[in-house]
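Student: here is a sequence together with a model predicted from it:
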Amino acid sequence: MCKKVFIATLAVLVALVVVRGTWLGSHMRAWWSRTCERVRGNVDPQTEIQRLTYEVKRLEQKDRIYIDRVARQKVELSDREAELKKSKDRLALLSDRIPKLRAALAEAVDTQTVAFNSNRYSKAEAEKQVDRDFDEYKILKKDVESQDRYVAVLRKALQQNEEQRSGLRRLRLDMLTELRDLENEVMQLRQARKKGPSRLDDSRYRRVQQDIQRLKHQLKVEKEKLKLDGGAIDRGPIEEAEQDRDRKAARQRELDAAFPVNPVVSK
């Protein structure tokens with residue numbers, strides 16, 4: 001039985017490979033493409049708008065992964081920053097105590113004790129403390145530098161994910177707005193058809209359908225851009241500053257256009 005199933009499966013696979021690379025396969029693909037185009041062309045605009053609205057809402061559910069990622073990164077960054085602060089505080093203490101102990105030892109030429117923080121200690125105790133502090137200082141200094149770099153990487157990753165999450169939200173809102181505009185246009189067309197003559201020019205319907213198709217294409221392009229955005233090349237501080245300045249200027253122009261500020265005229 002298993003042998004028969006294997007042979008049948010193999011035969012189907014071979015047939016698919018042969019058909020795919022032959023004249024018949026080419027015609028089958030062309031037929032399928034024409035069929036899909038006819039189906040898409042016959043879909044009611046209102047139905048297509050509802051479908052696209054549903055797709056945008058599905059994207060919102062899928063993009064919730066960024067909420068979880070940002071939350072985890074914020075907690076990790078907070079923990080790492082607290083740990084780094086402790087290490088820096090300890091390093092500052094050692095950086096302050098070592099030179100003071102060494103200075104006290106240098107001053108205690110004729111005595112066997114040294115004065116430090118209103119107390120007196122033997123030279124042996126002071127020297128032992130300096131040795132221990134210096135060994136800890138060297139290790140801790142490298143550790144703090146490593147922690148600093150790691151925290152900087154975490155901050156940058158968190159910022160990128162927060163910006164990406166905000167960008168996805170703005171993109172979804174823009175698409176929903178476009179779909180609502182298209183829905184309003186379809187409703188106006190239907191009302192005009194009811195009030196107008198029995199024969200109505202369907203060119204506007206075709207234009208709405210074309211707009212919907214372009215919007216579908218835009219959805220695919222934006223999703224691909226989001227996939228590629230994670231591997232974007234670091235542009236450097238100068239270029240990032242210039243891009244940030246351009247974004248702020250563009251945003252200011254949008255604000256001025258939407259909410260113009262009228263200068264106060266003194267009387």
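Tutor: In hand now; what should we look at?
Student: hey, let's count contacts and neighbours off CA atoms from now on
Tutor: Noted.
Student: need the three-state assignment for Val114.
Tutor: Assigned with DSSP: H, G, I helix; E, B strand; the rest coil, Val114 falls in the strand class.
Student: residue contacts, it?
Tutor: If you count contacts by C-alpha atoms under 8 Å, 6 or more residues apart in numbering, Val114 has them with 104-105, 107-108, 120-123, 126.
Student: pLDDT wise, what is Asn161 at?
Tutor: Confidence at Asn161, expressed as pLDDT, is 84.
Student: and it, how far is that from Pro260?
Tutor: Distance, Asn161 to Pro260, using C-alpha to C-alpha, to the nearest Å: 33 Å.
Student: out of the two, which sits in the busier spot?
Tutor: Here Asn161 and Pro260 are set side by side on neighbour count (other C-alpha atoms under 10 Å), and the busier one is Asn161, at 18 against 10.
Student: where do the helices sit along the stretch 51-200 of the chain?
Tutor: For the stretch 51-200 of the chain, helices defined by DSSP state H, counting those that start in this stretch occupy the ranges 65-107, 123-195.
Student: angle of the longest one against helix 65-107?
Tutor: Angle of helix 123-195 versus helix 65-107, following axes from the mean of the first three to the mean of the last three C-alpha atoms, to 10 degrees, is 160 degrees.
Student: what comes up buried for the helix or strand just after helix 123-195?
Tutor: In the C-terminal direction, the helix or strand that comes right after helix 123-195 (DSSP states H and E) is helix 203-229. Neighbour counts over helix 203-229 (16 or more other C-alpha atoms under 10 Å) mark 205, 208-209, 211-212, 215, 219 as buried.
Student: and stretch 177-186, by the same measure?
Tutor: With the criterion 16+ other C-alpha under 10 Å, stretch 177-186 contains buried residues 178-179, 182-183, 186.
Student: same check, this time on stretch 124-142
Tutor: Of the residues in stretch 124-142, 126-127, 130, 133-134, 137, 140-141 count as buried by neighbour count, 16+ other C-alpha under 10 Å.
Student: quick one: contacts of that stretch?
Tutor: Taking C-alpha under 8 Å, 6+ apart as the rule, stretch 124-142 contacts 87, 91, 94-95, 98, 101-102, 105, 114.
Student: thanks again, I'm all set now.
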